[in-house]
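*Asks:* Structure for this input, please:
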Amino acid sequence: MTQQRFYASILVASLLIGAPALVEAQTGAVAGNPAGAQVGGAAAGGPAGSNRLVADRAPFVALMTKLLRENNPPPLDQLPPPPRDPKILQGTWIADQLTALRVVTDMYGNPLPLTPKGQQVIDRREQANYVQHKPYANAGGMCLPPGQPWQLGMIYPFHIFQNKNSLEIIFSEGHIVWGAPIGDAHSGERHGAPQYMGDSRAHWDGNTLVIETSNFKQPLWFDADGTPISRQALLTFRLRRIDYGDPKLEIVTTVNDPVYFTKPWSIVRTYLWRPDFALFKEFDCEKNANAPDFLERYGYQIEPEDAQ
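*Replies:* From the prediction side, this is the model:
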């Protein structure tokens with residue numbers, strides 16, 4: 001594949017299919033990040049070497065920064081404040097940070113605790129991305145629900161609907177739905193039929209809503225470079241409202257996946273309160289990516305079955 005076609009395939013994945021946007025390739029800098037916390041640094045190393053990988057990522061940093069600004073324009077009018085009750089998360093939110101092309105550190109700056117198998121999968125995916133220039137087709141590329149970490153990394157709005165007994169999040173990108181009953185964290189039947197977005201249960205811890213999700217139908221990509229999450233993973237999301245001058249939603253995501261990581265790790269992201277974004281735009285993934293020739297059209301290849 002030519003370099004231009006490789007760039008085009010990543011752009012298609014980012015803008016049409018829904019791959020996350022990129023962080024600054026060398027510093028991992030983000031906008032609006034809570035003090036002392038990190039979404040995650042930029043990738044280095046891998047089979048191609050850090051300098052070449054940074055060079056390959058660099059052309060997209062300005063583009064994705066532009067996307068972040070375009071999707072978060074200043075409100076035309078003063079926005080109504082969110083409800084006074086901190087337990088009411090309902091409303092429309094949008095990420096105020098760039099998304100890591102690959103997360104390599106947790107929220108405290110520690111390297112991700114990869115198992116040998118996890119490192120093997122990442123190395124293979126980076127080889128496909130940056131050496132072969134023919135990335136593997138993931139769920140986003142095939143118009144399938146890609147999982148919460150991918151969706152929460154998008155610079156597109158999502159809406160939370162909430163009542164006493166349940167919470168439902170609808171993402172504008174892909175029109176994906178993620179729901180969870182609220183109550184005892186261990187109540188209700190688990191491990192029924194696997195689902196693309198997993199099986200979620202939620203409970204309150206003070207003013208923080210804790211959602212535990214497991215029983216995934218397929219392995220997940222945590223980010224666009226392909227940090228792997230297995231079907232056996234337990235993902236925990238801690239949602240709370242914060243306000244340090246602007247009302248925001250904070251979500252701490254914790255990955256517990258012994259297949260690919262030696263211990264649990266977490267990242268934190270924040271989202272702006274934007275009730276003026278409540279009316280979503282139409283999304284047509286099938287036309288963009290799920291055509292019969294999508295592998296050839298976007299330069300994808302099918303990944304070996306062992307990355308499960």
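*Asks:* Quick check: which ranges of the stretch 101-250 of the chain have low pLDDT?
*Replies:* Low-confidence segments of the stretch 101-250 of the chain, defined by pLDDT under 70, span residues 184-191.
*Asks:* Remind me which helix or strand the spatially most central residue of the chain belongs to.
*Replies:* What sits nearest the mean C-alpha location of the chain, by Cα atoms, centre = their mean, is Trp150, with 2.4 Å. Taking DSSP states H and E as the definition, Trp150 sits inside helix 148-152.
*Asks:* and after that helix, which helix or strand comes next?
*Replies:* Proceeding C-terminally, helix 148-152 gives way to strand 158-162 as the next helix or strand, assigned by DSSP H and E.
*Asks:* and the next element down the chain from that following strand?
*Replies:* As assigned by DSSP H and E, the chain's next helix or strand after strand 158-162 is strand 166-171.
*Asks:* helices and strands around that following strand, which ones?
*Replies:* Taking 3 or more Cβ pairs under 8 Å, 6 or more residues apart in numbering; DSSP states H and E as the contact definition, the neighbouring helices and strands of strand 166-171 are strand 158-162, strand 177-181. From N, CA and C alone the C-beta is placed, and that goes for glycine too.
*Asks:* Let me see the ranges of the helices in the stretch 51-200 of the chain.
*Replies:* Listed in chain order, the helices of the stretch 51-200 of the chain (DSSP state H, counting those that start in this stretch) span residues 116-130, 148-152.
*Asks:* would you turn those into TSV with distance to Gly174?
*Replies:* Conversion of the helices of the stretch 51-200 of the chain to TSV gives the following (distance: least, Cβ to Cβ, whole Å):
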stretch	distance to Gly174
helix 116-130	21
helix 148-152	7
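*Asks:* Just name the most buried of those helices.
*Replies:* Of all these, helix 148-152 carries the top mean neighbour count, a mean of 23, counting by mean count of other Cβ atoms under 10 Å.
*Asks:* That one: how far from the chain's middle?
*Replies:* The chain centroid and the centroid of helix 148-152 are separated by 3 Å, computed with Cα atoms, centre = their mean, to the nearest Å.
*Asks:* I figured Ser166 was touching Trp178, is that so?
*Replies:* No - taking contacts as Cβ atoms under 8 Å, Ser166 lies outside contact range of Trp178: 11.4 Å.
*Asks:* Who has more neighbours out of these two?
*Replies:* The residue with the greater number of neighbours, taking Ser166 and Trp178 and applying other Cβ atoms under 10 Å, is Trp178; the counts read 24 against 13.
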